[in-house]
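> Quick one, fold the following:
(2 chains)
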Amino acid sequence: MSSAAESSGFARVRFRGAAPPVLLLSILIVLPLFGLGPNWTRLLFVTFVWITTSLAWNVLGGFAGQVSFGFAVFYGLGAYTAALSINAGINPYLAFLLAGITASTASLLVGLPTFRLRGPYFAIATIGVSEAVRVVMTNLAVTGGASGYRIVEHGAFRQIDHYYTALGLAGVALLVSLYIRGSKFGLGLIAIREDEEAAADAGVNPFTYKLSAHAVAAALTGIAGGVFARYAAYIHPHGVFAFHTSVAILLMPIIGGIGTIWGPVLGGAVYGLVQEELIANFPQIHLLLYGVFLILIILFEPGGIVGLLRKLFRWIEKARRDPGDHPTGASRDQVLWRAGRAQRREL
Amino acid sequence: MTKYFGGLAALKDVSFDVAAGGIYGLIGPNGAGKTTLFGIIAGSLAPTSGTVSFHGRDVTGVKSFQAVRAGIARTHQISRPFKSLSVLDNVTVGIRFGRGRVHGSANVRREAERILELVGLSHSTALPASTLCVGDQKRLELARTLAAKPDLLLCDEACSGLTDNEMVSVLELLCRICRLGTTVVFIEHNLKAIFSICDRVLVLNFGEKLAEGPPEQIQNDPSVIEAYIGKT
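Presented below is the predicted three-dimensional model:
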């Protein structure tokens, strides 16, 4: 009886919540038709790639609470897999798929020995794996070693194709995140994040859940690497496999709001847009700025930008509601405080 | 069964049977091995030697999530709620990963609400679990464990830190759970609580089985009195 009313109310809320992202997506789809210009197209392309990796990291780091410092491994492996496949004459979109599969397989190899352990072992292991892979790729002759690898594609370069590919990928990453959060899988991951032992006592298999989340995140990151490689047409180990790539992928969701859906999107957007401008204008200062940003977030708002916005909305809501309740214009806190003082005087 | 932590024997050749459908008390001074025993049965610890069988099946050394699927679920001495999740979602985890076989989100929700009502938490389903007081966190832990539909419920100090009134209501709850068809084994330091509701009691001391039997017999057992109070 009441469940029908509830579900329609739920649908309404969902519909209202879906309006801004759908609007944003529509704008991003039609924007190039009005002549975006190569610079803006490039900037947005890079931003979509970062948003994808940020959402991907968040599946493992935000939902399951497993912090990885090694996502550059998947990004780089995806980039190189796509590059080699495209040069071998494979269709680029198939090459992206292969990139995802390669990265996913690598994630299992990292996860199998480390996810059986609890505590910081996984995080530490990811640093080691990431450095090891970078060193190997720097010395691997087939892919040109440290001097990098070039992608030669026949046919004209159409920037707009890349734009839509990256936009589509970011959209898929968003849908995957939304789906996971609402699913049994997502519930299990959050339970693991909150208390792994208690989750196991409730029937969740932490090992396979962490492994699966890692595989999903790696696949998306690998595809993002592939999409980037095809656009850049030249990749090298000190770029895609660099430690600062891993750190960037981890910073974005933390800045935006770890464990949320829109946090990684905002974090990716801020990073993509601001970072590119910063690098262009102040090549050295951007790392300093992100360091400061990170410290501020950890100290004052662990919820990131999303947490800050939520507080702001709550504050506005309260400010709007309260003057009506108290004609004097005093907030509820002030009224309570005065009442408390009056009581103390009586005592 | 026996469990060694390094060279220390936490449990030495402790053996016992729990008949289906009763309430079974487990008592003993601190460090007697009660929680270790629970850990072994519920799958978070593997025994050094010995076996655990349940419904005639060998479940020795299974992982805790496998034990849940077999029908054994435990609560912890210090409750461990999923703090950022709501009270309702905490129970939902228990339902969706347990043996309940409840399908459809509306059914899961109804089942979660039913269980929360059973333990007396229906007033705070939407609150984050971190905001509950200790007594309510214990109820929530019990609710989440019950949500898995266990045949055997291992309850580790469900009453510690509670007021007398809260304790009575938890004991009533355990009796009700037992009547609904779940076998209950519970650890408790409060002997009055144990003797008032248990059908049988097992006493552990320094990892060894000291006595086992119905409450009346245990209360008058000289070795139990000696372990608890000292020699006269």
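
> Could you list the low-confidence segments of the stretch 201-347 of chain A?
Counting by pLDDT under 70, the stretch 201-347 of chain A has low-confidence residues at A:283, A:286-287, A:323-347.

> how about a cut-off of 90?
A:238-239, A:242-245, A:247-248, A:255, A:270-305, A:307-308, A:310-311, A:313-314, A:317-347 (pLDDT under 90).

> Helix, strand or coil: sort out the residue nearest in space to the middle of chain A for me.
Residue closest to the average C-alpha location in chain A (CA atoms, centre = their mean): A:S54, at 1.7 Å. At A:S54 the chain is in helix, as set by DSSP: H, G, I helix; E, B strand; the rest coil.

> pretty sure it is in contact with A:Y271, am I right?
Yes: with contact defined as CB atoms under 8 Å, A:S54 reaches A:Y271; the gap is 7.4 Å. (Each C-beta comes from the backbone N, C-alpha and C, glycine too.)

> Show me where chain B has its strands.
In chain B, the strands defined using DSSP state E lie at B:3-5, B:8-11, B:23-27, B:53-54, B:57-58, B:72-74, B:152-156, B:183-187, B:200-205, B:208-213.

> thinking again about what came up before, what sits in contact with each of A:S54 and A:Y271?
Contact criterion CB atoms under 8 Å, 6 or more residues apart in numbering or on different chains; residues shared by A:S54 and A:Y271: A:M252.

> Kindly compare burial across the strands of chain B and name the winner.
Ranked by mean neighbour count, the strands of chain B are led by strand B:72-74 with a mean of 27 (mean count of other CB atoms under 10 Å in any protein chain shown).

> So what touches that strand?
Contacts for strand B:72-74 (CB under 8 Å, 6+ apart): A:201-203, B:38, B:41-43, B:54, B:59, B:64, B:67, B:98, B:145-146, B:148, B:150-156.

> Restricted to helices, list these.
Using DSSP state H, A:201, B:38, B:41-42, B:64, B:67, B:145-146 are the members of these that sit in helices.

> for chain A, what are the nearby residues on chain B?
B:42, B:44, B:63-65, B:68-69, B:73-74, B:76, B:80-85, B:89, B:92-94, B:96-99, B:106, B:144-145, B:147-148 (CB under 8 Å from any CB of the partner chain).

> Report the central residue of chain B.
B:C155 (1.4 Å).

> Dig out what it forms beta bridges with.
Counting by DSSP bridges, B:C155 is bridged to B:F186.

> ok, now which ones touch A:Q66?
With CB under 8 Å, 6+ apart, A:Q66 has these contacts: A:60, A:115, A:122-123, A:210, A:213-214.

> Checking it next. Helix, strand or coil?
Assigned with three-state DSSP, A:Q66 falls in the coil class.

> Can you report how many residues neighbour the residue lying closest to it once chain neighbours are set aside?
Of all residues not flanking A:Q66 in the chain, A:L60 sits nearest, at 5.1 Å (CB to CB, 6 or more residues apart in numbering or on different chains). Using other CB atoms under 10 Å in any protein chain shown, A:L60 has 27 other residues around it.

> for chain B, what are the nearby residues on chain A?
Residues of chain A lying close to chain B (CB under 8 Å from any CB) are A:3, A:7, A:184, A:187-188, A:190-191, A:194-195, A:197-206.

> Buried ones among those residues?
Neighbour-count burial (16 or more other CB atoms under 10 Å in any protein chain shown) applied to the residues of chain A next to chain B gives A:187-188, A:190-191, A:194-195, A:198-206.

> Centre of the chain to stretch B:172-190, how far?
8 Å (CA atoms, centre = their mean, to the nearest Å).

> Next up, the contacts around the nearest residue to A:L44 once chain neighbours are set aside.
Counting by CB to CB, 6+ apart, A:L44 lies nearest to A:Y163, which is 6.5 Å off, once chain neighbours are set aside. Residues in contact with A:Y163 (CB under 8 Å, 6+ apart) are A:32, A:36, A:41, A:44-45, A:48.

> out of those residues, who has the most neighbours?
A:F48 (27 neighbours).

> so that one touches A:A170, yeah?
Yes: if you go by CB under 8 Å, A:F48 and A:A170 touch, sitting 4.3 Å apart.

> picking that back up, for the residue nearest to the centre of chain B, give its distance to chain A.
In this structure, B:C155 and chain A are 12 Å apart, going by CB to the nearest CB, to the nearest Å.

> picking that back up, next up, the contacts around the residue nearest to A:Q66.
A:66, A:68, A:210, A:213-214, A:216-217.

> and it, what are its phi and psi?
The phi/psi pair for A:L60 (degrees, to the nearest 10) reads phi -80, psi -50.

> tell me the pLDDT at it?
Each residue has a pLDDT score; the one for A:L60 is 96.

> Show me chain B divided up by domain.
B:1-71+B:151-232, B:85-149 (automatic domain parsing).

> averaging pLDDT over each of those domains, which comes out lowest?
Lowest mean pLDDT within the domains of chain B: domain B:1-71+B:151-232, at a mean of 82.

> what separates it from the chain centre, distance-wise?
In terms of CA atoms, centre = their mean, the gap separating the centre of domain B:1-71+B:151-232 from the centre of its chain is 8 Å.

> Break down chain A into its strands, ranges please.
Under DSSP E, chain A gives strands at A:149-150, A:234-235.

> Include mean neighbour count when you put these into CSV, please.
Formatted as CSV, the strands of chain A follow (neighbours: other CB atoms under 10 Å in any protein chain shown):
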stretch, mean neighbour count
strand A:149-150, 18
strand A:234-235, 18
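
> and these as a markdown table, adding distance to A:E277?
Formatted as a markdown table, the strands of chain A follow (distance: least, CB to CB, whole Å):
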| stretch | distance to A:E277 |
| --- | --- |
| strand A:149-150 | 27 |
| strand A:234-235 | 22 |
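
> for those, which one sits closest to A:A319?
Between A:A319 and the strands of chain A, the tightest spacing by CB to CB is seen for strand A:234-235, at 50.7 Å.
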